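Trainee: Only the shape, not the letters, is given here:
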């Protein structure tokens, strides 16, 4: 998994991306609206009453990357992490923090591996809680000697090749003394101490956890831009958009390293640990679904519980009974969307017209419309191009012969819950606005998406209609 290390306390400069978001994307805003679509209030805007629901959704929506990158899978990584529970509880109690939170951070940072390293030089993130050398030495007052630890590591490799287990054990013990980031107990204590320091500066537990990856100074910058330092991270994240609290959003987006979703991934890690102990069968099921594709689309619509259209006749019947709704071309244009002329181009090969393959489930169409209107409101009038929507399995088999990106297995296109958007944008502002909307809708657990060579493939949750009607 990628290194998710402690970031330093220094304030980061605003990057070109942030400047673009703050200046190019920022447009006139209807003061009666907190949203990004249309002229009425955004149905997905943050409110205090939605705080818990939004935080829970964000944990689900950002869980895929964790499941996909845990070495050995979710259950094996959870088992490794659970070994450290007694030490986690001691460190948490000494620092006055929640043991489950610290345990979730351990799973996310190292998957329970006390020897995890982010770079061969050992100046980057190291150990059970992935502490940077500079942070460990200067902030946490740990004994940190990357050069010494590297020398011992080379000796350890040679001892392992010779099969000298006793020497390996002695070298590991020596490395823990030379560089305390490799000592699980001291790494946990150091991370707990960091959270104490961060809470003293930020005055909230959730903000302290966020700062572990983002850095205290960077988070303080975002809070100042938001205009209130005494808010939850859920509010800061969901209430900051390119059009509303744009300065705060630009600060968060400027980091460009997944810092803004760190809290949600810690929450996802906590849930994995909970399932490991209370419902391992459900953990295995979720892990299988999360790893079935390059997104969480099968979590939203498992193949064994989702209707698929096998033939053109079945798909036509779905139009007739209202299960599938045809794409309203004129309305979509007004919402910043255009239908690609080639959509359904293989229809003649299965004896059908293109229009049969231009439809979606009603919640998916509602989400597509919301997405297009939001991107248009943020970035301008140029349309996003929709290249693919519903198919039947017969069409999918024909597509396999011409498109190497098409799947021979369960395709969400054959359910009516998925659509593709062309990866060709009229302006950089449009591309950035689209990227913002994808991230935000994923954090609301309303979509799963993946970047393909020519298109963005989006799968929509069946909860989309209910959410958009709030």
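Mentor: Right, received. Where do you want to start? Quantities reported herein were computed from a predicted structural model and do not represent experimental measurements.

Trainee: The least confident helix or strand in the chain by mean pLDDT: what's the following helix or strand?
Mentor: Here the helix or strand of the chain ranked lowest by mean pLDDT, DSSP states H and E is helix 16-19, holding a mean of 36. Proceeding N to C from helix 16-19, the next assigned helix or strand is helix 51-61, under DSSP states H and E.

Trainee: What helix or strand is residue 91 located in?
Mentor: For residue 91, the host element (DSSP H and E) is helix 85-95.

Trainee: Quickly note the distance from the residue nearest in space to the middle of the chain to residue 278.
Mentor: Note on the chain: the residue nearest the mean C-alpha position is residue 62, at 3.5 Å, using CA atoms, centre = their mean. Separation of residue 62 from residue 278 (CB to CB, to the nearest Å): 21 Å. C-betas here are computed from N, CA, C, even on glycine.

Trainee: Ok, residue 340 next?
Mentor: Residue 340 sits 47 Å away from residue 278, going by CB to CB.

Trainee: of the two, who's got more company?
Mentor: Taking neighbours as other CB atoms under 10 Å, residue 340 and residue 278 compare with residue 340 leading, 17 against 9.

Trainee: For that one, give me its contacts.
Mentor: 385-388, 422 (CB atoms under 8 Å, 6 or more residues apart in numbering).

Trainee: ditto for residue 196
Mentor: Residues in contact with residue 196, defined by CB under 8 Å, 6+ apart, are 95-97, 208.

Trainee: Please apply the same query to residue 463.
Mentor: The contact partners of residue 463, by CB under 8 Å, 6+ apart, come to 363, 445-446.

Trainee: Just the closest of those to residue 192, please.
Mentor: residue 445 (30.3 Å; CB to CB).

Trainee: How many residues are close by that closest one?
Mentor: For residue 445, the neighbour count with other CB under 10 Å is 23.

Trainee: Wait, a strand at it?
Mentor: No: assessed with DSSP: H, G, I helix; E, B strand; the rest coil, residue 445 is coil; it does not lie in a strand.

Trainee: Adjust the sequence numbering to begin at 20 for everything that follows.
Mentor: OK, 20 is where the count begins now, so the last one is residue 464.

Trainee: how about low-confidence regions in this structure?
Mentor: 20-59, 489 (pLDDT under 70).

Trainee: distance between stretch 62-69 and the chain's centre?
Mentor: 20 Å (CA atoms, centre = their mean, to the nearest Å).

Trainee: again, but for stretch 470-486
Mentor: The chain centre lies 14 Å from the centre of stretch 470-486; the measure is CA atoms, centre = their mean.

Trainee: go on, stretch 466-482?
Mentor: 13 Å.

Trainee: Over to stretch 62-80?
Mentor: Stretch 62-80 sits 15 Å away from the centroid of its parent chain (CA atoms, centre = their mean).

Trainee: Contacts for it, please.
Mentor: So stretch 62-80 is in contact with 52-54, 251, 253-254, 256-258, 263, 280, 282-284, 286-287, 289-290, 315, 389, 459-465, 486-489, going by CB under 8 Å, 6+ apart.

Trainee: SS state for residue 86?
Mentor: Using three-state DSSP, the structure places residue 86 in helix.

Trainee: Quick check: which element contains residue 448?
Mentor: Per DSSP H and E: helix 447-462 holds residue 448.

Trainee: Point out the other helices and strands that that helix packs with.
Mentor: The helices and strands touching helix 447-462, judged by 3 or more CB pairs under 8 Å, 6 or more residues apart in numbering; DSSP states H and E, are helix 70-80, helix 252-257, helix 381-398, strand 466-470, strand 474-479.

Trainee: element containing residue 123?
Mentor: Per DSSP H and E: residue 123 is located in helix 118-129.

Trainee: what's the angle from that helix to helix 70-80?
Mentor: Per axes from the mean of the first three to the mean of the last three CA atoms, to 10 degrees, the angle that helix 118-129 makes with helix 70-80 is 30 degrees.

Trainee: Please pull up the helix or strand immediately following helix 118-129.
Mentor: Helix 118-129 is succeeded, C-terminally, by helix 152-153 (DSSP H and E).

Trainee: after that next one comes which helix or strand?
Mentor: That would be, after helix 152-153 and using DSSP H and E, helix 165-181.

Trainee: And the contacts of that next one?
Mentor: Contact with helix 165-181 is made by 139-142, 145, 152, 186-187, 190-191, 193-194, 197-198, 201, as judged by CB under 8 Å, 6+ apart.

Trainee: Near residue 140, how many other residues are there?
Mentor: Residue neighbour count, defined by other CB under 10 Å, stands at 12 for residue 140.

Trainee: what sits against the residue lying closest to residue 419 once chain neighbours are set aside?
Mentor: Nearest non-adjacent residue to residue 419, counting by CB to CB, 6 or more residues apart in numbering: residue 425, 5.0 Å away. Neighbour list for residue 425: 415, 418-419 [criterion: CB under 8 Å, 6+ apart].

Trainee: Look at residue 425 and tell me its secondary structure.
Mentor: Quick answer, by three-state DSSP: residue 425 is coil.

Trainee: Let me know the distance separating it from residue 384.
Mentor: Counting by CB to CB - residue 425 and residue 384 are separated by 22 Å.

Trainee: Show me what the helix or strand hosting residue 349 is packed up against.
Mentor: According to DSSP H and E, residue 349 maps onto helix 348-353. Here helix 348-353 is seen to pack against strand 356-358, helix 381-398 when contacts are counted using 3+ CB pairs under 8 Å, 6+ apart.

Trainee: And the first one, what does it pack against?
Mentor: Counting contacts by 3+ CB pairs under 8 Å, 6+ apart, the secondary-structure elements packed against strand 356-358 are helix 348-353, helix 381-398, strand 403-407.

Trainee: Name the residues that touch that strand?
Mentor: By CB under 8 Å, 6+ apart, the surrounding residues in contact with strand 356-358 are 346, 348, 351, 377, 387-388, 391, 402-405.

Trainee: how does it look with 6 Å?
Mentor: The set of residues external to strand 356-358 that reach it, using CB atoms under 6 Å, 6 or more residues apart in numbering, is 346, 348, 391, 402-405.

Trainee: try stretch 292-308
Mentor: 86, 92-94, 97, 122, 317-318, 321.

Trainee: one more time with 8 Å
Mentor: Outside stretch 292-308, the residues touching it (CB under 8 Å, 6+ apart) are 86, 92-94, 97-98, 100-101, 119, 122-123, 126, 291, 315, 317-318, 321.

Trainee: One more: stretch 101-116?
Mentor: With contact meaning CB under 8 Å, 6+ apart, stretch 101-116 is reached by 117-118, 120-122, 125, 131, 133, 147, 203-204, 207-208, 210-212, 214-215, 224, 292, 295-296.
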